[in-house]
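Student: Requesting a structural model of the entry that follows:
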Amino acid sequence: MSKSIGDSLRLGRNDGPLVVVAGLLLLGLYGGSAFADEVDAADDAVVPETVPAASEEGGCVESASVMCLQEGRYEVTVEVLVNAEATPQPAKVVRGGSRPIGTRESGLFYFFDPSNWEMLLKVLDACGVNQHNWVYAAAATDVGYTITVRDTTLPADGSVVHVKKYTKEPGRPAPALTDAAAFPDSCASSSA
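Tutor: As a prediction, the model looks like this:
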């Protein structure tokens, strides 16, 4: 008996992984196959390619713990702190096979287990709105973390903001991050 995605999405129906994958397809967050038996297993042995930046200052290099957004312009990492005495550990990028799950401007991180996604993070091009690139994140956790977002196209000489860090201490629920003024110089440099 074959099932369609529509059958699995009917109200009150939960048939496991197919429903999750179908929902992610509708949200644009899954780049793999729509059928559970065709979903690639996570492959940490795959060596991702370097994503070049728009300048010669460097670029984003994807890895298990580095997410590259906007064609490699932004390098995003998250360090997790379970408690104040713990050593920070890198969060991992959620992958479907060898590719990160997400879009050009967004992606997902997990902290402890690949099947337990902890954070959605976005770097949005809002040059047409307020001449900034925005950083938004939402996490379902009470552990501490530090998010680091680096614009790989801006000079590291301190003349412009090229790195933003956002820290949450352990022990409290994570608030939403909505920084609509994160990179004020990003639009000028992208049009130069």
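
Student: C-alpha only now, for contacts and for neighbours.
Tutor: OK.

Student: where along the protein do the strands fall?
Tutor: 50-51, 60-61, 67-69, 74-81, 89-90, 92-93, 95-96, 99-100, 106-110, 117-126, 132-139, 144-151, 163-168, 177-183 (DSSP state E).

Student: List the neighbouring strands of the third one plus their orientation.
Tutor: What it means is strand 67-69. strand 74-81 (antiparallel) (DSSP bridges).

Student: hey, C-alpha coordinates of the partner strand in CSV?
Tutor: Taking C-alpha atoms only, strand 74-81 is exported to CSV below (Å, rounded to 0.1, in the frame of the first residue of the first chain):
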residue,chain,number,x,y,z
TYR,A,74,28.5,34.7,6.8
GLU,A,75,30.3,32.1,9.0
VAL,A,76,28.2,31.0,11.9
THR,A,77,29.3,28.9,14.9
VAL,A,78,27.6,28.1,18.3
GLU,A,79,29.4,27.1,21.4
VAL,A,80,27.3,25.3,24.1
LEU,A,81,27.8,25.6,27.8
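
Student: so where's this structure uncertain?
Tutor: Confidence mapping of the chain against pLDDT under 70 gives the ranges 1-58, 154-161, 188-192.

Student: tell me the domain boundaries of it?
Tutor: Domains of the chain are assigned by automatic domain parsing as 1-39, 41-190.

Student: about what we covered before: okay if I get the strands of the chain as JSON lines plus mean neighbour count?
Tutor: Formatted as JSON lines, the strands of the chain follow (neighbours: other Cα atoms under 10 Å):
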{"stretch": "strand 50-51", "mean neighbour count": "16"}
{"stretch": "strand 60-61", "mean neighbour count": "20"}
{"stretch": "strand 67-69", "mean neighbour count": "27"}
{"stretch": "strand 74-81", "mean neighbour count": "24"}
{"stretch": "strand 89-90", "mean neighbour count": "17"}
{"stretch": "strand 92-93", "mean neighbour count": "26"}
{"stretch": "strand 95-96", "mean neighbour count": "21"}
{"stretch": "strand 99-100", "mean neighbour count": "22"}
{"stretch": "strand 106-110", "mean neighbour count": "24"}
{"stretch": "strand 117-126", "mean neighbour count": "20"}
{"stretch": "strand 132-139", "mean neighbour count": "20"}
{"stretch": "strand 144-151", "mean neighbour count": "21"}
{"stretch": "strand 163-168", "mean neighbour count": "15"}
{"stretch": "strand 177-183", "mean neighbour count": "17"}
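
Student: which residues sit in contact with the residue nearest to residue 88 when sequence neighbours are not counted?
Tutor: Distances taken as Cα to Cα, 6 or more residues apart in numbering place residue 81 nearest to residue 88, at 4.8 Å, with adjacent residues excluded. By Cα atoms under 8 Å, 6 or more residues apart in numbering, residue 81 lies in contact with 87, 88, 89, 143, 144, 145, 169, 170.
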